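Visitor: Give me coordinates for this.
(one chain, ligands or ions: 1)
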Amino acid sequence: MTAASPQLVVHRDKELMARATAARLITRIVDAQSARGTASVVLTGGRNGNALLAAIAASPARDAVDWARLDLWWGDERFVAADDPDRNAVQAREELLGRVPLDPARVHEMPASDGVDGSDVEAAAARYAEELAKAAAPGSGIGVPAFDVLLLGVGPDTHVASLFPEHPGVREDELTVVGVRGAPKPPPTRVSLTLPAIRAAREVWLLAAGEDKAGAVALALSGPGEIQAPASGAYGTDRTLWLLDESAAAELPARSRPGTR
Ligand SMILES: O=C(O)[C@H](O)[C@@H](O)[C@H](O)[C@H](O)COP(=O)(O)O
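Guide: Coordinates of the predicted model:
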């Protein structure tokens, strides 16, 4: 299996998907920390991403993770004030981050619109790209850390992070982080990793639950171009995992549908 050929796991419903993925992520982090003394995870916003964080917070295995030796990054962020409830980081703190003993220096929030860059979202994107590059191993590829797991929610239009079909961000093939204006999903201004940065992750896990995602899942896995279906361009160097519930998998051809877990 190549990284670009995804593995699909279909769960009975979105609640079980969140709980099972929480167990999967906890195990993956523990394995990385056992092997290398540290782990690096990229979080996603959205309902599925937040449900996963809530499931981790509720997991009896939660504290198998050495939270102080975990680097957290974001795949995208809404470019609003730092304390705006619309911020992915604010929602992540409420669901999990405020309940576990993380090292604050290793929680890398994307810049906010009331930060040093003001309303200059391109400058904010460049700042985050610089923070990623500083954390990257010297001489390693495009200047992002080797993320162990990069999480992505999938939009009904197949967007991932804040990379939307036919938008400039999804066409970016050099920068690791871009400013996004006029996003179809509000709020319109965002900061996002690019596909090259996403594809630098060891594992990319795409989360999609609900019937409103069935068309996007079927389209993205049918092999279209990443410009028309950004989710189809999201894959890891070692593994690409689509974590679905039955509703989101409903439009997949029978031959590509694994058994439900
Ligand atoms: O900032 C964001 O809005 C997210 O990062 C976005 O990419 C999200 O993951 C998808 O839109 C899916 O969102 P849902 O899981 O809520 O459908």
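
Visitor: and stretch 127-146, average pLDDT?
Guide: Mean pLDDT, computed over stretch 127-146, is 94.

Visitor: Name the residues that touch that stretch?
Guide: 40, 71, 73, 108, 110-111, 116-117, 175-177, 191, 193, 196-197, 200-202 (Cβ atoms under 8 Å, 6 or more residues apart in numbering). From N, CA and C alone the C-beta is placed, and that goes for glycine too.

Visitor: Sitting in helices, which of those do you find?
Guide: Counting by DSSP state H, the part of the contacts of stretch 127-146 found in helices is 196, 197.

Visitor: Could you tell me which of the contacts of stretch 127-146 count as buried?
Guide: Neighbour-count burial (16 or more other Cβ atoms under 10 Å) is assigned, among these, to 40, 71, 73, 108, 110-111, 117, 175-177, 191, 193, 196-197, 200-202.

Visitor: Buried residues of stretch 217-229, list them for me.
Guide: Quick answer for stretch 217-229 (16+ other Cβ under 10 Å): 217, 218, 219, 220, 221, 226, 229.

Visitor: which SSE is the closest residue to residue 55 other than its chain neighbours in?
Guide: Excluding its sequence neighbours, the residue lying closest to residue 55 (Cβ to Cβ, 6 or more residues apart in numbering) is residue 22, at 3.7 Å. Element membership for residue 22, per DSSP states H and E: helix 14-36.

Visitor: contacts for that helix?
Guide: 9, 11, 38-41, 48, 51-52, 54-56, 58-59, 61-62, 64-66, 69-70, 148-149, 151, 203, 205, 207, 209-210, 243-245, 247, 261.

Visitor: Contact partners for the residue of the stretch 1-150 of the chain found nearest the ligand?
Guide: Closest approach between the stretch 1-150 of the chain and the ligand, counting by Cβ to the nearest ligand atom: residue 46, at 2.6 Å. Residues near residue 46 by Cβ under 8 Å, 6+ apart: 88, 153, 155, 207.

Visitor: Is it correct that the last one falls within a strand?
Guide: Yes. With DSSP: H, G, I helix; E, B strand; the rest coil as the criterion, residue 207 is part of a strand.

Visitor: Just give me the neighbour total for the residue in the stretch 151-261 of the chain that the ligand sits nearest to.
Guide: Taking Cβ to the nearest ligand atom, the ligand has its nearest neighbour within the stretch 151-261 of the chain at residue 153, 2.3 Å off. Using other Cβ atoms under 10 Å, residue 153 has 25 other residues around it.

Visitor: The residue lying closest to it once chain neighbours are set aside and residue 139: what is the separation?
Guide: In this structure, residue 153 finds its nearest non-sequential neighbour in residue 46, 3.5 Å apart by Cβ to Cβ, 6+ apart. Computed as Cβ to Cβ, to the nearest Å, the residue 46 to residue 139 distance reads 34 Å.

Visitor: Strands of the stretch 1-150 of the chain, start to end?
Guide: 7-11, 39-43, 70-74, 76-78, 149-153 (DSSP state E, counting those that start in this stretch).

Visitor: Redo these as CSV? Include mean pLDDT.
Guide: As requested, the strands of the stretch 1-150 of the chain are exported to CSV (pLDDT from 0 to 100):
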stretch, mean pLDDT
strand 7-11, 97
strand 39-43, 98
strand 70-74, 98
strand 76-78, 98
strand 149-153, 98
